[in-house]
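**Student:** predicted model and sequence below, questions to follow.
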Amino acid sequence: MRRSTSLIGMQRCEALIVTCATAVILGIMLLPIIAVILISFTPSSSIGFPPPGLSLKWYAATYDMLFGHDADLVRLRESLTTSISVAGLTAGICCFAGVPAAYALVRLSFRGKTLFNELVELPIIFPAIVLGIALLMIVSALPFNLGIFQLVVAHSIIALPFMIRNVAAALQGLDPALQEAANTLGASPLRAFGEVVLPLIRNGVVSGILLVFVLSFNEFTLSYFLYTVDAFPLSIWLFQKANTTIDPTIFAVSTVVILINVLVILAVDRIAGENASNDKLS
């Protein structure tokens, strides 16, 4: 009895230590984000932490910047539109390329599958700066201007592995017998995939699309090497704005971006949770 009580006490102590360590690590990770959010509410025109008070004046200024007619204001609106367009196109390309690739990795057997599986992970571990320089050299050598699509291609390279892995996880939780039954009943492989497999992995596909959208929307390193006057994303606008002037408006814009990211991540988490629940029920 004493040994059991002592063991329970040790387990509780270990759980407390792990909880405290986790809380400290999360606090350190979130501290810069919390500082950005708090500074965005400062009533002062100068940057200071903690802020001397709370005000929404910089959010009102951000609203004016999005809907004003001044050249700098128009630049913010154009950069936001560019980021949304690039992220949307990147998500679409990764969806059309990632779903078949994930299906091939999970359900098909072919020569070089292991090598292909390793190459899929390569953009994740490859230094983004080196990749950005290489893409810049390639784009500079082209006889024509790709415009916004040079950002889309670059973002698709680094985001595609996340899409593939997300869809592959959904496929691994799907019973192959369902597709085999559809083929047995006379459905072609393409029809069986479109009418049986795809609806059942819908949550994995949607969460992958949202994840790719967030990654592309926030990407800075590749965008820094490949942006142009006509393809000017929001991350570059924030960077240049921070270099030229310390304006609390950039903290308000950053806070709005953080809020959008949190909402998208919560949506991905909810969709993934529903997918996991459906897998347990099946």
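**Tutor:** Everything's here; your move.

**Student:** residue contacts, residue 84?
**Tutor:** residue 217 (C-beta atoms under 8 Å, 6 or more residues apart in numbering). Every residue, glycine included, has its C-beta placed from N, CA and C.

**Student:** where does it fall, secondary structure wise?
**Tutor:** In this structure, residue 84 is located in helix 71-107 according to DSSP states H and E.

**Student:** only the buried residues of that helix, if you could.
**Tutor:** 73, 76, 78-80, 82-83, 86-91, 93-95, 98-99, 101-106 (16 or more other C-beta atoms under 10 Å).

**Student:** quick check: next helix or strand after that helix?
**Tutor:** helix 113-125.

**Student:** put the alpha carbons of that next one into CSV.
**Tutor:** Extracted in CSV, the C-alpha atoms of helix 113-125 (Å, rounded to 0.1, in the frame of the first residue of the first chain):
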residue,chain,number,x,y,z
LYS,A,113,8.4,5.0,-54.3
THR,A,114,10.8,5.3,-51.3
LEU,A,115,12.9,7.8,-53.2
PHE,A,116,9.8,9.8,-54.2
ASN,A,117,8.7,9.8,-50.6
GLU,A,118,12.0,11.2,-49.5
LEU,A,119,12.0,13.9,-52.2
VAL,A,120,8.6,15.0,-51.0
GLU,A,121,10.1,16.0,-47.7
LEU,A,122,13.1,17.8,-49.3
PRO,A,123,11.6,21.3,-49.5
ILE,A,124,10.8,21.2,-45.8
ILE,A,125,14.5,20.6,-44.7
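
**Student:** and the helix or strand following it, which residues are buried?
**Tutor:** Next helix or strand after helix 113-125 toward the C-terminus (DSSP H and E): helix 128-141. Across helix 128-141, burial judged by 16+ other C-beta under 10 Å covers 128, 131, 132, 135, 136, 139.

**Student:** so residue 150, which state does it fall into?
**Tutor:** helix (DSSP: H, G, I helix; E, B strand; the rest coil).

**Student:** what about it, neighbour count?
**Tutor:** Using other C-beta atoms under 10 Å, residue 150 has 22 other residues around it.

**Student:** could you list the low-pLDDT ranges of the stretch 151-282 of the chain?
**Tutor:** 271-282 (pLDDT under 70).

**Student:** 90 instead?
**Tutor:** 162, 164-211, 214-215, 218-282 (pLDDT under 90).

**Student:** which parts of it are helices?
**Tutor:** 176-184, 189-192, 198-200, 202-218, 221-226, 234-244, 249-281 (DSSP state H, counting those that start in this stretch).

**Student:** show me what the first one is in contact with.
**Tutor:** The one in question is helix 176-184. By C-beta under 8 Å, 6+ apart, the list of residues contacting helix 176-184 reads 107, 189, 191, 192, 193, 195, 196, 197, 200.

**Student:** which residue sits closest to the last one, ignoring its sequence neighbours?
**Tutor:** Same thing as residue 200. residue 174 (5.5 Å; C-beta to C-beta, 6 or more residues apart in numbering).

**Student:** surely that neighbour and residue 197 touch.
**Tutor:** Yes. Residue 174 is within contact range of residue 197, at 6.8 Å (criterion: C-beta atoms under 8 Å).

**Student:** is it true that residue 210 touches residue 266?
**Tutor:** No. Using C-beta under 8 Å, residue 210 makes no contact with residue 266, being 10.0 Å away.
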